[in-house]
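K.L.:
Starting from these lines, generate the structure:
(one chain, ligands or ions: 1)
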Amino acid sequence: MKFAVLVFPGSNCDIDCYKAVEDTIGQKVDYVWHTTTDLSGYDAILVPGGFSYGDYLRCGAIARFAPVMNEVVKAAEEGKFILGICNGFQILTEAGLLPGALRRNNGMKFICDQTQLEVANNNTAFTSEYNEGEIINIPIAHGEGNYYCDDETLAQLKANNQIVFRYAGNTNPNGSVDNIAGISNERGNVVGMMPHPERAVDQLLGSEDGKRMFTSILNAWREKNGAAVNS
Ligand SMILES: NC(=O)CC[C@H](N)C(=O)O
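P.N.:
Numbers count the residues shown, from 1 in each chain. Presented below is the predicted three-dimensional model:
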């Protein structure tokens with residue numbers, strides 16, 4: 001299996017994502033610059049966190065127009081796995097690949113902290129290794145993580161089981177609607193989340209709870225492709 005980690009000017013979690021893939025599942029992974037116009041060689045695309053284009057206008061609002069994003073849209077249509085983390089989630093909502101938007105945290109401050117997440121849906125390619133309702137420890141680091149969508153969209157998210165993670169036990173750090181920390185598209189192959197699983201892949205980092213997102217993706221890909229265990 002081969003992963004792409006997108007790199008925009010201002011990305012700062014690209015190396016963490018690359019290392020997480022290498023260390024947790026040992027699969028092939030490349031950094032892919034934002035001007036790239038061909039992602040056909042990749043099975044999964046990670047859109048990492050950071051401050052793409054300095055967060056000017058709105059987080060993700062400029063990155064969404066990068067040439068590589070047309071390829072990300074194409075990859076999503078082809079059913080490839082796409083995971084946007086933090087700024088990556090913001091970019092995917094700006095690009096219209098995921099519904100809703102990320103607004104300033106309701107306390108208007110950047111928050112960098114450990115958070116407890118509840119796995120709201122383990123029936124996805126990204127979360128199958130967790131138990132439904134499991135509480136996991138994954139850090140956040142954002143200024144605009146306040147997920148917003150209108151009532152109609154929220155009803156659709158619930159009806160289609162698209163809410164993947166919630167901040168556990170009403171410990172909502174940023175004001176997100178319905179404690180939402182991560183969602184998927186309707187098809188389930190695109191997920192965006194504000195917390196950082198790639199920063200929780202070793203006890204040295206304080207938690208290993210993010211590892212199973214990467215093993216879940218690999219398992220889903222193997223299931224889809226009937227691939228041999230070590231391919
Ligand atoms: N860690 C991140 O990706 C931060 C995203 C964005 N710059 C924000 O502050 O909300």
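K.L.:
I'd like the distance from the helix ranked longest in the chain to the chain centre, please.
P.N.:
Of all segments of type helix in the chain, defined using DSSP state H, the longest is helix 211-225. In this view, helix 211-225 has its centroid 15 Å away from the chain centroid, taken as CA atoms, centre = their mean, to the nearest Å.
K.L.:
Repeat that for stretch 186-195.
P.N.:
Relative to the chain's own centre, stretch 186-195 is displaced by 6 Å; criterion: CA atoms, centre = their mean.
K.L.:
how about the CA coordinates for that stretch, as CSV?
P.N.:
Coordinates of each C-alpha in stretch 186-195 appear next as CSV, following Å, rounded to 0.1, in the frame of the first residue of the first chain:
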residue,chain,number,x,y,z
GLU,A,186,-21.4,9.8,3.0
ARG,A,187,-19.4,7.1,1.2
GLY,A,188,-17.1,6.8,4.2
ASN,A,189,-13.8,7.0,2.3
VAL,A,190,-13.0,10.6,3.4
VAL,A,191,-12.5,11.5,7.0
GLY,A,192,-11.6,14.8,8.7
MET,A,193,-10.8,15.2,12.3
MET,A,194,-9.3,18.0,14.5
PRO,A,195,-7.4,15.8,17.0
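K.L.:
Contacts made by that stretch with the rest, please.
P.N.:
With contacts defined as CB atoms under 8 Å, 6 or more residues apart in numbering, stretch 186-195 is touched by 76, 79-86, 88-90, 92-93, 97-98, 102, 115, 117, 124-126, 138-140, 142, 145, 147, 160, 162, 164-165, 174, 176, 181-185. The way it works is simple: take the backbone N, C-alpha and C, and place the C-beta from them, glycine included.
K.L.:
now the helices: where do they sit in this structure?
P.N.:
Ranges of helices within the chain are 14-25, 68-77, 87-94, 151-159, 211-225, based on DSSP H.
K.L.:
so what does the shortest one touch, helix or strand wise?
P.N.:
Spelled out, it's helix 87-94. Under the contact definition 3 or more CB pairs under 8 Å, 6 or more residues apart in numbering; DSSP states H and E, helix 87-94 sits against strand 44-47, strand 81-85, strand 101-103, strand 190-193.
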